[in-house]
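Peer 1: I'd like to go over a predicted model; first the sequence, then the structure.
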Amino acid sequence: MLRPNELEIAKQAPPAGCSHQSAQQYTRWLATHHYENFNVVSWLLPKDLHQHFYNLYAYCRWADDLGDEIPDNSRALELLDWWEEELSACHAGRPSHPVFVALRETIVAKDIPKQPFADLLKAFRQDQTTKRYRTWDAMIGYCVNSANPVGRLVLYLCGYRDEARQQLSDATCTALQLANFWQDVSRDLEIGRVYIPLDIAATHGVAESDIVDRHFDERYIALMKDLIARTRELFTQGMPLAKMVETRLSIDLEMFSRGGLAVLDAIEASGYNTLHHRPSISKVRQAGLLGRSLIAHAAAKLAPVGVQHAAPQTPKPILASDCQSNANVSASYEACHRIAKAARSNFYYAFYLLPKPKRDGLAALYAFMRLVDDVSDEGNEVAAKQRGLAKWRAAFDEAVTGNSQVFDGTTVKPLPTEPLYGEIEVLPALVDTMQRYKMPARYLHDLISGAEMDLTVQTYPTFDRLREYCYRVAGTVGLTCTHVFGFTDPRALDLAEKLGLAFQLTNIIRDVHDDYALGRVYLPEEDLERYNVSPQDFGNNEATLGVRELLRFEADRAWQCYDEGAALLNLVEPEGRGTLWLLAHTYSALLARIESLDFAVFGERVRLSRAEKMLFIAQARFGRVTEENILEKCDRSRRRPGGLGSRRRAG
């Protein structure tokens, strides 16, 4: 029935009537090589279910592609009819197509009826003829066939056949389908489809033509807010299902729900403009989804026998009083490590130079800082970012003090009962780290203030003003890390702040061209005037003589901070010195490299090679680390004499 080269995924398929082994190899290949937001099979699922999930996925993937990848609607309908004939033959014990050869074993082993498979085909047929949905009910009716059967099939695979669980699954699957629709508005418009219910759109003054013409305004924002609220309600309705299934499936189900909620969060963070952009979930956020599910499960295991079987309730944020559980804190640290590792920071591997308790502490700090930074970096709406940072500040306060309130810019309100992304998995470990290493909360409040400055401050008139910013975004990092390293001499904190300033100045010098493209000029206006440099000079393809002199001046400032901050090495506890040495040596080597290139930072980004970084790690781990060799000095002879007092001018 299928013509040669008519469907891409058919090219790898074995011939009809192939062996059972060949069929299973094909469904496994298809499930593990096709892009999806989440893996088809989680490592949490029992191995004896893996092949069944591959077989189920292959059926759904083929049906979906027959509906979406065939350009001619009438031909797509023919192929969907053919696919249902193959389904009927499979249930009758006469499978031919390789997907059904593999699926037959699953249908028999799990006693799965034909109906959910057939319902999916109804939805794919509907896509060929229906391009608009006039009412909300019509949209939900579509989801009954397009999404809900998948959830029911998964329940069959895992041995659950009762109506109560199926209804909860329906709510979750419908919510996931809707979240995808709101995320994919721009993509669907490209293929002529509008899944937004037109009756709901009309209540907000949005006509079908407004959607098709991609007219984005306050009316569309109100429409998206309404649709997202309805979708969140469906996610809430389906949440109890995770408490009613076996542990490993429970974590997978919860992860999918949290993934759908993360899509809604991404839409909100992007300013709701799904007409022109497809909001996406960052890798860090994806890595945290599993962590949140694991932590929720760890907390549930601590409940008394019988409580776990009580009526499920809406999940709430973990408060300071909840953070004392060893299992909960341990799971939180594991989640922090996943977030830190997913960020692919070079310095995650520096953590391994520390003993495990201190390694965990740095991971907790890094994960918190990473998630706060994500709020200020993701999306375009400043007000939404400010609200997000205010919520993080309030959630942090509550975790530390137990007080629950948030300032929205005008009034103080109770903290929302729905947790922020990352709150549940990171805050227990963060609070434990702060308590363990006697870390003041003001450092992390100041860090959030630094993220807030990036939203509204684009220029800095004086170096004192820039120093304030550098303290907030980098000095606080040095201070918190020094508490983890351990110290007794109070001078250590001043020196940690000096190194943080040196690190941040190095970043500013390296990124001056890229920052300008983002609308930010960090170098002080008074310094630009001193060297006859205008902000527009940072937008050129090559650094002018004046810019190079300015950057050399700022580098001298950074070197002075490095020279003073190097004394910190002997003031921290010995087990923290390797990591501190590695951080200072790597950053100073980067600044030395920039100097050796005569501040040519307007082209390809200046960076250290992987080999150099690995060498530094080896030195920190196996070599002798001292105050004398903590800074990379190989290119510092290029610096001109005179230092900060020379006040050299271009020209």
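Peer 2: Sure thing, it's come through. Numbers count the residues shown, from 1 in each chain.

Peer 1: wait, Ser257 sits on Gly238?
Peer 2: Yes. Counting by CB atoms under 8 Å, Gly238 is a contact partner of Ser257 at 6.7 Å. Where C-beta positions appear, they are placed from N, C-alpha and C, glycine not excepted.

Peer 1: spit out the residues that contact these two alike.
Peer 2: By CB atoms under 8 Å, 6 or more residues apart in numbering, Ser257 and Gly238 have these common neighbours: 172, 175.

Peer 1: give me the below-cutoff pLDDT ranges for the stretch 1-150 of the chain.
Peer 2: For the stretch 1-150 of the chain, applying pLDDT under 70 flags the ranges 34-45.

Peer 1: where do the helices of it begin and end?
Peer 2: Ranges of helices within the stretch 1-150 of the chain are 20-33, 47-68, 73-91, 98-110, 115-129, 136-146, 148-157, based on DSSP state H, counting those that start in this stretch.

Peer 1: what's next to the last one, contact-wise?
Peer 2: Residues from elsewhere that reach helix 148-157 (CB under 8 Å, 6+ apart): 49, 52-53, 56, 60, 106, 110-112, 115-117, 119-120, 161, 165-166, 169-170, 172-174, 245.

Peer 1: wasn't Gly603 part of a strand?
Peer 2: No. With DSSP: H, G, I helix; E, B strand; the rest coil as the criterion, Gly603 is assigned coil and is not in a strand.

Peer 1: what's the closest non-adjacent residue to Glu497?
Peer 2: Counting by CB to CB, 6 or more residues apart in numbering, Gly475 is the residue found nearest to Glu497 once chain neighbours are left out, at 4.3 Å.

Peer 1: sorry, slip of the keys, the one I care about is Gly205.
Peer 2: Arg219 is the one closest to Gly205 (CB to CB, 6+ apart), at 4.7 Å.

Peer 1: so how far is Ile211 from that neighbour?
Peer 2: In this view, Arg219 and Ile211 are 11 Å apart by CB to CB, to the nearest Å.

Peer 1: same for whatever helix or strand Arg230 lives in, what does it pack against?
Peer 2: Using DSSP states H and E, Arg230 sits within helix 218-238. In terms of contacts (3 or more CB pairs under 8 Å, 6 or more residues apart in numbering; DSSP states H and E), helix 218-238 is packed against helix 163-183, helix 198-203, helix 208-212, helix 247-269.

Peer 1: pretty sure Tyr522 sits in a strand.
Peer 2: No. Read with three-state DSSP, Tyr522 is coil and lies in no strand.

Peer 1: mind listing what it touches?
Peer 2: Tyr522 sits next to 460, 466, 469, 508, 512, 515 when contact means CB under 8 Å, 6+ apart.

Peer 1: of those residues, which belong to helices?
Peer 2: Secondary structure from DSSP state H places 466, 469, 508, 512, 515 of these in helices.

Peer 1: quick one, grab the pLDDT at the second one.
Peer 2: Yep, that's Tyr469 we're talking about. pLDDT, Tyr469: 93.

Peer 1: the nearest residue to Leu234 once chain neighbours are set aside: neighbouring residues, count only.
Peer 2: Leaving aside its chain neighbours, Leu234 sits nearest to Ala175 (3.7 Å; criterion: CB to CB, 6+ apart). As a burial measure, Ala175 scores 27 neighbours (other CB atoms under 10 Å).

Peer 1: just Ile191 next, same as before
Peer 2: Ile191 has 11 neighbouring residues, counting by other CB under 10 Å.

Peer 1: now Met244
Peer 2: For Met244, the count of nearby residues is 16 (other CB under 10 Å).

Peer 1: relative to Glu163, how far out is it?
Peer 2: On the measure of CB to CB, Met244 and Glu163 end up 12 Å apart.

Peer 1: same question, Leu176
Peer 2: With CB to CB as the criterion, Leu176 and Glu163 are 20 Å apart.

Peer 1: neighbour count for the two, which is higher?
Peer 2: Taking neighbours as other CB under 10 Å, Leu176 and Glu163 compare with Leu176 leading, 25 against 7.

Peer 1: residues in contact with that one?
Peer 2: Listed by CB under 8 Å, 6+ apart, the contact set of Leu176 reads 147, 256-257, 259-260.

Peer 1: among those, which pair sits farthest apart?
Peer 2: Ala147 and Gly259 (14.1 Å; CB to CB).

Peer 1: phi, psi of the residue lying closest to Arg193 once chain neighbours are set aside?
Peer 2: Using CB to CB, 6+ apart and skipping the chain neighbours, the partner closest in space to Arg193 is Lys131 (5.2 Å). In terms of degrees, to the nearest 10, the main-chain angles of Lys131 are phi -110, psi -10.

Peer 1: was I right about Lys131 contacting Val194?
Peer 2: Yes. At 6.8 Å, Lys131 counts as touching Val194 under the criterion of CB under 8 Å.

Peer 1: neighbour count: those two, which is higher?
Peer 2: Taking neighbours as other CB under 10 Å, Lys131 and Val194 compare with Val194 leading, 17 against 12.

Peer 1: check the more buried one and give its pLDDT.
Peer 2: Confidence at Val194, expressed as pLDDT, is 96.

Peer 1: and it, helix, strand or coil?
Peer 2: In three-state terms, and counting by three-state DSSP, Val194 is coil.

Peer 1: residue numbering should commence at 244 henceforth.
Peer 2: Sure, I'll start numbering at 244, so the last one becomes Val437.

Peer 1: so what's it up against?
Peer 2: Listed by CB under 8 Å, 6+ apart, the contact partners of Val437 are 374-376, 428, 431, 451, 454-455.
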